[in-house]
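**Q** how would this look folded up:
(one chain, ligands or ions: 2)
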Amino acid sequence: MTMTMSENATVLVTGGAGYIGSHMVLALRDRGRAVVVLDDLSTGRRSAVPDGVPLVEGDVGDKALLADTCARHGIGSVLHFAGSIVVPESVERPLAYYRNNTVKSHALIEACVEAGIGRFIFSSTAAVYGMPDRLPIDERTPLMPINPYGSSKLMTEWMLRDAAAAYGLRYVALRYFNVAGADPQGRSGQVSRVASHLIKIAAQTVTGQRAELQIYGDDYDTPDGTCVRDYIHVSDLADAHVAALRHLEAGGASEVLNCGYGRGYSVREVLAMVERVTGRPLPMRIGPRRAGDPPALVAGVERIRRTLDWTPHHDDLETIVASALAWEERLVKED
Ligand SMILES: NC(=O)c1ccc[n+]([C@@H]2O[C@H](COP(=O)([O-])OP(=O)(O)OC[C@H]3O[C@@H](n4cnc5c(N)ncnc54)[C@H](O)[C@@H]3O)[C@@H](O)[C@H]2O)c1
Ligand SMILES: O=c1ccn([C@@H]2O[C@H](COP(=O)(O)OP(=O)(O)O[C@H]3O[C@H](CO)[C@H](O)[C@H](O)[C@H]3O)[C@@H](O)[C@H]2O)c(=O)[nH]1
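**A** Numbering: from 1, shown residues only. Ligands and ions are numbered 1, 2, ... in the order given. Okay, here's the model as predicted:
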């Protein structure tokens, strides 16, 4: 397949040494695209960036570095993953979250406008919806984040909306639901030890790094009393970004799109799948509810299916769980 001019331009992936960003780099490289990573390695790892991919080690809020990187590498599109992601930490340190997620995104958007970079893809989150009471959650659902993390992301969406109107930048904001799993070829996965995500914690428990897992509440108004989430495989999520990039490169309009499969699994269902995959009981107990957990979050996916040429390939809880476990076992062996 021949590439168009815009497909020849290098893609800047901020946060490309992190969990989702590293899968993004793989997805782009697998398609022969030129990629540069900008990451301060605060939670990411140098080893997550494949050989041959330039890593600019620095801060996404550093405008001089951004201008230099964009000019030096001939950047045509920016995929913005860099940020802070731990919800309870955002409650304790809100200003740090607004600085890292909102203020630094402002610097990046401004640098793009100044450099004439017209395509931008942003990692947003279902946290912009807060505690919606109707499922599935479509993009017209009122935006009422209940923590600084969600607010910091929503403010970036708004900056993009307004910058697009004023300066002609085109963007896609993808509101991720629950991202999980690891590269099917075992090239990347979630590395952070300070994990709060259910499937990562289950994998740490299976590999003996934790004695047991706690279910945060079994008295929700859901079929089995535990919270329901829409788990999306990280490689499908990366492919959705590739589709979003193609959409923008083909001249498509700015979009805000949910990114999930449109189906929910309860905490108990996820843990039952972990037991099925390992063939062993998982040490677990019921604990109290965790503050700020909505009972159920399931993406309305009509808009993304209509807008992007995106076909998920790993829409299967067993595949998600098995890939996360395989990655965790590899991490443990490496240590
Ligand atoms: N993991 C999820 O379930 C989830 C859900 C919704 C949205 N998101 C969003 O996806 C993005 C990636 O999340 P992740 O799970 O891969 O997290 P991660 O912590 O693994 O990756 C974030 C990366 O950004 C880098 N970084 C952070 N601040 C930076 C800065 N100021 N300058 C340069 N680099 C910086 C980190 O070193 C890390 O490599 C985030 O924006 C997050 O808000 C994640
Ligand atoms: O040890 C654990 C960890 C999680 N859970 C439960 O498992 C479900 C999923 O929790 P995660 O922490 O895996 O994911 P969240 O739904 O809380 O988080 C997701 O939504 C957040 C915003 O709401 C952020 O966007 C975050 O990055 C994204 O993964 C929740 O009901 C949680 O209470 C447990 O029972 N035990």
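**Q** From ligand 2, how far off is R285?
**A** Per Cβ to the nearest ligand atom, to the nearest Å, R285 is found 10 Å from ligand 2. Any C-beta I mention is one placed from the backbone N, CA and C, and that applies to glycine too.
**Q** and that residue, helix, strand or coil?
**A** Following DSSP: H, G, I helix; E, B strand; the rest coil, R285 is assigned to strand.
**Q** State the distance from it to ligand 1.
**A** 24 Å.
**Q** Now do the contacts for that residue.
**A** The neighbourhood of R285, defined by Cβ atoms under 8 Å, 6 or more residues apart in numbering, consists of E212, L213, Q214, I215.
**Q** Show me the beta-bridge partners of the last one.
**A** The residues paired with I215 through beta bridges, assigned by DSSP bridges, are I286.
**Q** Model confidence score at it, please.
**A** I215 is assigned a predicted lDDT (pLDDT) of 98.
**Q** Quick check: it touching P288?
**A** No. Here I215 does not reach P288: they are 9.9 Å apart, not a contact under Cβ atoms under 8 Å.
**Q** mind listing what whichever residue of the stretch 201-335 of the chain sits closest to ligand 2 touches?
**A** In the stretch 201-335 of the chain, the residue that lies nearest ligand 2 is C227 (3.0 Å; Cβ to the nearest ligand atom). Counting by Cβ under 8 Å, 6+ apart, C227 makes contact with Y216, G217, Y220, S266, V267, D293, P294, P295, A296.
**Q** What's the local residue count around the fifth one?
**A** It refers to V267. 24 (other Cβ atoms under 10 Å).
**Q** swap in the second one?
**A** Each residue near G217 was counted by other Cβ under 10 Å, and the total is 18.
**Q** Same check on A296?
**A** Neighbours of A296 (other Cβ under 10 Å): 21.
**Q** Then the one 3 residues further on?
**A** Per other Cβ under 10 Å, the neighbour tally for A299 reads 29.
**Q** Identify the residue nearest it in space, chain neighbours excluded?
**A** G260 (3.0 Å; Cβ to Cβ, 6 or more residues apart in numbering).
**Q** my guess is the one you found meets R303, correct?
**A** No. Using Cβ under 8 Å, G260 makes no contact with R303, being 11.5 Å away.
**Q** what about the two, which has more around it?
**A** Per other Cβ under 10 Å, whichever of G260 and R303 has more neighbours is G260, with 29 against 16.
**Q** and the chain, which residues reach ligand 1?
**A** 15, 17-21, 39-44, 59-61, 81-83, 85, 100, 104, 123, 125, 176, 178-179, 192 (Cβ under 6 Å from any ligand atom).
**Q** filter the residues you listed to the buried ones?
**A** 15, 17-21, 39-40, 43-44, 59-61, 81-83, 85, 100, 104, 123, 125, 176, 178-179 (16 or more other Cβ atoms under 10 Å).
**Q** Could you check how far the residue of the stretch 201-335 of the chain closest to ligand 2 is from L317?
**A** 15 Å (Cβ to Cβ, to the nearest Å).
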